[in-house]
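In: curious how this folds, go ahead:
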Amino acid sequence: MKVYFASDQHLGAPTQEESFPREQKFIQWLDEVKKDADAIFLLGDLFDFWFEYKTVVPKGFIRVLGKLAEIRDSGIPIYFFVGNHDLWMHDYFEKELNIPVYHDNKDFTFNGKTFLIGHGDGKGPGDMGYKRMKKVFTNPFSKWLFRWLHPDIGVKLAQYLSVKNKLISGAEDVKFLGKENEWLYQYCLRKLESKHYDYFVFGHRHLPLEIELNENSKYINLGDWIGYFTYGVFDGEKMELKVYKEA
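Out: Predicted structure coming up:
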């Protein structure tokens, strides 16, 4: 079997024009993995900003959305986990693409191996500034207020903050300083105290990481599609990270 994982494409950043080559590269990857994929997991921040009004979604990204629709229509399951940049996703993917959307971690089992999968933002100790901000952004009243902004104003404002605000962009958190300083590593250790998982798979960190938690469990971070172009694949026996190189 082949189960594929990818995260943090940040399409639209810093502009749609500049991210277009990365979008094309990601679509090429989707075209390749669809040949043998049993499932595809997208772990958030596919877009650098996404907000669903009742009748409007952000302009652009038609090629990647069309590719996801094609793959899903062929019968291959796709699962989407919202990230901190597209946390205002509602039901557009579910209604238009038949892709389930998850707003928190979820358990999966493949070929007897157990996975805990999610974007990874706001998990573990620390990061208190972002955690407070996320509570504000996910508050129904905050979303209701933002929805009253005209899309031309709301989207432009959100795109600006997405790039400039370090709490949102994660720009201050891109160095590996040892596993003891990795919040997601600490989070995985705590989760193992109550339940066994063979693999913890997250995004958000923008660093490709494979860290042993114990002899039977591993934490994997998928990296990103900005500088690393890394993805994960589970072949029914083991999970590993790979770098996508265009044919």
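In: right, and the helix or strand after the top helix by length along the chain?
Out: If you go by DSSP state H, the chain has its longest helix at helix 16-33. Next helix or strand after helix 16-33 toward the C-terminus (DSSP states H and E): strand 39-42.
In: okay, Gly178: pLDDT?
Out: What the model reports as pLDDT for Gly178 is 86.
In: how much space between it and Tyr92?
Out: 40 Å (Cβ to Cβ, to the nearest Å). Where you see a C-beta, it was placed from the backbone N, CA and C, and this is true even at glycine.
In: these two - which one has more neighbours?
Out: Neighbour tally, Gly178 and Tyr92, criterion other Cβ atoms under 10 Å: the higher count belongs to Tyr92, 15 against 7.
In: so that one sits against Glu52, correct?
Out: Yes. Contact criterion Cβ atoms under 8 Å: Tyr92 and Glu52 qualify, at 5.3 Å.
In: flag every buried residue along stretch 71-84.
Out: Buried residues in stretch 71-84, counted by 16 or more other Cβ atoms under 10 Å: 71-72, 76, 78-84.
In: wait, which of those is closest to Glu23?
Out: Among the buried residues of stretch 71-84, Ile71 lies closest to Glu23 (Cβ to Cβ), at 15.3 Å.
In: what distance do you get for the closest one to Pro208?
Out: Note on Ile71: its distance to Pro208, by Cβ to Cβ, is 24 Å.
In: mind checking pLDDT for the most centrally placed residue in the chain?
Out: Centroid-nearest residue in the chain, with Cα atoms, centre = their mean: Gly44, separated by 1.9 Å. With respect to pLDDT, Gly44 has a value of 93.
In: dump the residue contacts of it.
Out: 7-8, 80-86, 118-119, 121, 203-204 (Cβ atoms under 8 Å, 6 or more residues apart in numbering).
In: same list (the residues you listed) but as JSON lines, adding secondary structure and distance to Gln16.
Out: Below are the contacts of Gly44 laid out as JSON lines (DSSP: H, G, I helix; E, B strand; the rest coil; distance: Cβ to Cβ, whole Å):
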{"residue": "Ser7", "secondary structure": "coil", "distance to Gln16": "20"}
{"residue": "Asp8", "secondary structure": "coil", "distance to Gln16": "17"}
{"residue": "Phe80", "secondary structure": "strand", "distance to Gln16": "20"}
{"residue": "Phe81", "secondary structure": "strand", "distance to Gln16": "23"}
{"residue": "Val82", "secondary structure": "coil", "distance to Gln16": "20"}
{"residue": "Gly83", "secondary structure": "coil", "distance to Gln16": "18"}
{"residue": "Asn84", "secondary structure": "coil", "distance to Gln16": "20"}
{"residue": "His85", "secondary structure": "coil", "distance to Gln16": "14"}
{"residue": "Asp86", "secondary structure": "coil", "distance to Gln16": "15"}
{"residue": "Gly118", "secondary structure": "coil", "distance to Gln16": "27"}
{"residue": "His119", "secondary structure": "coil", "distance to Gln16": "22"}
{"residue": "Asp121", "secondary structure": "coil", "distance to Gln16": "23"}
{"residue": "Gly203", "secondary structure": "coil", "distance to Gln16": "21"}
{"residue": "His204", "secondary structure": "coil", "distance to Gln16": "22"}
